[in-house]
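Undergrad: Pasting a predicted model and its sequence here:
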Amino acid sequence: MYNNTTIVTLQLCLLLRTGVQKHVAVGRMCSILEEAYKGVQFPQHILDAYIHFESLTDHSYDFNCIRCGHYPPIIILDANRKSSFSLQGESIREPDTHIENAAQMDKFWKQVTDNIVASPMCSKDILNPYKVDVQYQNWSQWMAPDSVFPSGVVNTEHKKVPFTKNPNDENPTVLTDEYIDTLLCEGSAKLVKDIAKDVGVDSSGSKMDIIVRLQHKAKKKSLFKKIFTKLWGRSGGILVMACPHGICYGIKHLIRAESVRDHIDMILSMKHQPTIVINDLSNISAAHGNNRKKNMFAPHKGRVVDSSIENLNLLERKQLDRDMPCFNSFHQKYHVEPL
């Protein structure tokens, strides 16, 4: 019985679970059943009922990629902006300076599960005691338990927020590199141009030209807040970390727009850093990672070879050759040609 109104059988829940495991959405499965059994119509909250069933199930996460194991040598990170939810910055308290960088993953996700279990038992007049507030100090990504440190995962999303001692203080402050990374990651060309027009910055040229101008021009906190309000009206979506075979090793619901900080947080949470990290901002990720951990991406700042004039000329002539034995050791495993 769900919500004291709907009876959901075990067979239906197991059928919906099989569909999810085969990449068929719950809504589509219900449409198939409604088409197959004329007269059957599922209520709108059937998805909530199914999620409630899964929350009551004692799941064990002990599987991993049969090729990569618990410590994949290659990791791919990318964000899905379509999975964002409405989120206004004013609803989130400014983080305290003493927030720990380590997040308690198990504690956070247990609270999420308890919230789902308790929700149908709470009416409009009864507050859910397990409600999860979107705040920096109690937020955590989920990662494969056997792949991360038992002490907790790394989450420094609160450091995206520029701390202010006095909200009325208008002393000049340089627009942070973190925010520029955010514009690079999430802002479309049209959005960046609109932001530039709103704050009185020249909007001609390429997206990168405009961002450079914003970096040089936006030096007052009032202007910074105006840009940020324009950009941030929703959460940052979902950041997923997976191996080349599509097995998920981590997922993070972003409070703010995606940044390389989130990527590095996920990597630093792993017991063993992957040999190869693939994302769409590799140069910025390498620079940020090396600032957080000495020689995190080394040598050559994460590049295959040094970015010297000689190597660039060889690359342009397609004559650049690099012996990489680490690839040769598992090229058969990934069905690629050795280098």
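TA: Right, received. Where do you want to start?

Undergrad: out of all of them, which helix in the protein is the longest?
TA: Taking DSSP state H as the assignment, the helix of the chain that covers the most residues is helix 105-118.

Undergrad: continuing past it, what's the next helix or strand?
TA: Once the chain leaves helix 105-118, the next helix or strand it forms, by DSSP states H and E, is strand 142-143.

Undergrad: Mind listing residues that contact the following helix or strand past that following strand?
TA: Stepping forward along the backbone from strand 142-143, the first helix or strand reached (DSSP H and E) is strand 153-154. Taking C-beta atoms under 8 Å, 6 or more residues apart in numbering as the criterion, the residues outside strand 153-154 that touch it are Asn101, Ala102, Ala103, Met105, Ser140, Gln141, Met143, Asp265, Met266, Leu268, Ser269. For glycine as for every other residue, the C-beta is placed from the backbone atoms N, C-alpha and C.

Undergrad: Show me the two of those residues that sit farthest apart.
TA: Checking those against each other with C-beta to C-beta, the farthest-apart pair comes out as Asn101 and Met143, at 15.0 Å.

Undergrad: Can you show me the helices along this protein?
TA: Secondary structure of the chain (DSSP H): helices located at 10-21, 26-36, 46-56, 105-118, 177-186, 189-198, 207-217, 221-231, 260-268, 282-292, 309-316, 325-328.

Undergrad: Any buried residues in stretch 201-212, and which?
TA: Within stretch 201-212, the residues that count as buried by 16 or more other C-beta atoms under 10 Å are Val201, Ser203, Lys207, Ile210, Ile211.

Undergrad: Please apply the same query to stretch 2-12.
TA: Quick answer for stretch 2-12 (16+ other C-beta under 10 Å): Tyr2, Val8, Leu12.

Undergrad: Hmm, the second one is touching Asp48, no?
TA: Put plainly, it is Val8. No. Under the criterion of C-beta atoms under 8 Å, Val8 makes no contact with Asp48, lying 10.2 Å away.

Undergrad: Between the two, which contacts overlap?
TA: When C-beta under 8 Å, 6+ apart defines a contact, the residues bordering Val8 and Asp48 alike are Tyr2.

Undergrad: rewinding a little: between the helices of the chain, which gets nearest to Val148?
TA: Among those, helix 105-118 comes nearest to Val148, with 7.5 Å by C-beta to C-beta.

Undergrad: In the protein, where is pLDDT below threshold?
TA: Per-residue confidence for the chain (pLDDT under 70) gives these ranges: 82-100, 161-187, 215-235, 324-339.

Undergrad: Which positions in stretch 60-79 come out as buried?
TA: For stretch 60-79, burial by neighbour count (16+ other C-beta under 10 Å) applies to Asn64, Cys65, Cys68, Tyr71, Pro72, Pro73, Ile74, Ile75, Ile76, Leu77, Ala79.

Undergrad: ok, of the residues you listed, which one's closest to Ser285?
TA: Distance ranking of the buried residues of stretch 60-79 against Ser285, using C-beta to C-beta, places Leu77 first at 8.4 Å.

Undergrad: Identify the bridge partners of that closest one.
TA: Leu77 forms beta bridges with Met241, as assigned by DSSP bridges.

Undergrad: hang on, the earlier thing: sort out which one of the contacts of strand 153-154 lies nearest Phe297 for me.
TA: Ranking those by separation from Phe297, with C-beta to C-beta as the measure, puts Leu268 on top at 11.9 Å.

Undergrad: Thought Ser285 was touching the closest one, still the case?
TA: No. Using C-beta under 8 Å, Leu268 makes no contact with Ser285, being 11.8 Å away.
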